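Enquirer: Sequence first, predicted model second:
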Amino acid sequence: MATVTITAANVIPTSTGSRSIVQLGEAVTAGLFLYLKSSDNKWYKADATTAEKAGNSSPNRIKMALSDGAINQYIAAADPASTVDVGSVVSKGRYYVLSATAGKMANEGDLVSTNYVTLMGYALDADTFYFDPQPTGILL
């Protein structure tokens, strides 16, 4: 699966949208997508391989890391309906989905039959991403 690689140093939140402080269950870098694990209430790298990791319990259970952090640290994360500068890695007008690769997103055609579909948002231009996760619950 082709993933979109967001360089952590290029992630800059814009003034559009809100942020939360979240506690990590594993180490992450800025630009990765996170899900809230129900068993310990900590945030882990989201992916399309299970319903929980794909955010199917609630779209508010998917966020985007805005800074790096280690296990049990607290970081800032973009909430749904936020705009983030991701540094020239997206294509204007293109929609993206949660990847099967932990923490990443991909083009919608890159999912395979064992993946859950979570729409992650769309590119406003070459480096601005409108992050608004929409878990569909659909298993391809």
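Expert: Received the coordinates, thanks. Everything quoted here is computed from the prediction, not taken from an experiment.
Enquirer: Bridged to the one residue sitting closest to the centre of the chain, which residues?
Expert: With distances taken as CA atoms, centre = their mean, residue 33 lies nearest the centre of the chain, 2.6 Å away. With beta bridges defined as DSSP bridges, residue 33 has these partners: residue 64.
Enquirer: mind listing what it touches?
Expert: For residue 33, the contacting residues are 45, 46, 62, 63, 64, 65, 98, 103, 104, 105, 120, 133, taking CB atoms under 8 Å, 6 or more residues apart in numbering as the criterion. Quick note: C-beta positions are derived from backbone N, CA and C, even for glycine.
Enquirer: of those residues, closest to residue 13?
Expert: residue 64 (8.8 Å; CB to CB).
Enquirer: On the pLDDT front, check the residue nearest to the centre of the chain for me.
Expert: Residue 33 carries a pLDDT value of 97.
Enquirer: distance of it from residue 49?
Expert: 13 Å (CB to CB, to the nearest Å).
Enquirer: Just the contacts of residue 33: which are in strands?
Expert: Here DSSP state E is the test, and those give 45, 62, 63, 64, 65, 98, 105, 120, 133 as lying in strands.
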